[in-house]
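**Student:** build me a model:
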Amino acid sequence: MRALKSISSRCLMLTRSAPIQKAVHPAWLRVTHWINALAVVIMVTSGWRVYDASPLFGFSFPDNITLGGWLGGALQWHFAGMWLLAINGCIYLACNLASRRLLHKFFPLTMKSLFADVSAALRGRLVHADPRHYNSVQRLAYLVIIADLIVLVISGLVLWKSVQFPMLRDLLGGYDMARRVHFFAMALAVCFVALHVLMVALVPRTLITMIRGR
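**Tutor:** Residues are numbered from 1 along each chain as shown. Take a look at the predicted model:
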């Protein structure tokens, strides 16, 4: 009995003294990240189908990479993705601001550090050994995609309810210009996702930490 008590007390002491490993990404971040990813995929693929109904430029997207099957179905998927992205995005921003993660993770961002990291990246020497810390290229990329998604939602509101949002419509230069802004915001989001997937392939640990948190 004394031996059992001794072992129990030692285990308790080790548990109390052992450092608790802090998660690289908190649970709320991982959940909102994957919901955002799903929303972007829905919006982009359904948006391509909507675009094909009235192309802006001299090309269209293949049907097999679009979502919705027809214009009405694509619009329903697109609106569903829009609300999912808008609501989840607001939660993501609110949690980032409340936890001060936005300030600590993405700032400071200086031209000097950005130039140094871009130069290192072009020479293949930009490392990402610690997923807890973002380099300047990552900080800029994440800030740009956050702003881009906001523009995507705002321009989408103008295309959806142009009469109800005259100020936003005028701010974007009219309905036709809003279509172009929406298209290029989508294109930038697709480029970000492609680059993001490439970086994950190069550094698989980043995917594990975004799933498990550590």
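**Student:** C-terminal to the helix or strand bottoming out on mean pLDDT in the chain, what's the next element?
**Tutor:** The weakest-scoring helix or strand in the chain, judged by mean pLDDT, DSSP states H and E, is helix 2-17 (a mean of 43). Using DSSP states H and E, the next helix or strand after helix 2-17 towards the C-terminus is helix 27-53.
**Student:** which secondary structure elements does that next one contact?
**Tutor:** helix 71-98, helix 136-160, helix 175-202, helix 205-212 (3 or more CB pairs under 8 Å, 6 or more residues apart in numbering; DSSP states H and E). (Each C-beta comes from the backbone N, C-alpha and C, glycine too.)
**Student:** what mean pLDDT does the first one have?
**Tutor:** Same thing as helix 71-98. Over the span of helix 71-98, the pLDDT mean works out to 90.
**Student:** quick one: buried residues of the next helix or strand after it?
**Tutor:** Next along the chain after helix 71-98, taking DSSP H and E as the criterion, comes helix 101-106. Within helix 101-106, the residues that count as buried by 16 or more other CB atoms under 10 Å are L102, K105, F106.
**Student:** ok, stretch 92-103 next?
**Tutor:** The neighbour-count criterion (16+ other CB under 10 Å) identifies Y92, C95, N96, L102 as the buried residues of stretch 92-103.
**Student:** and that stretch, how far out from the chain middle?
**Tutor:** Centroid displacement of stretch 92-103 relative to its chain, using CA atoms, centre = their mean, to the nearest Å, is 14 Å.
**Student:** can you list the buried residues of helix 101-106 in CSV and add distance to I150 and pLDDT?
**Tutor:** Shown next, in CSV, are these (distance: CB to CB, whole Å; pLDDT from 0 to 100):
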residue, distance to I150, pLDDT
L102, 14, 76
K105, 18, 80
F106, 15, 80
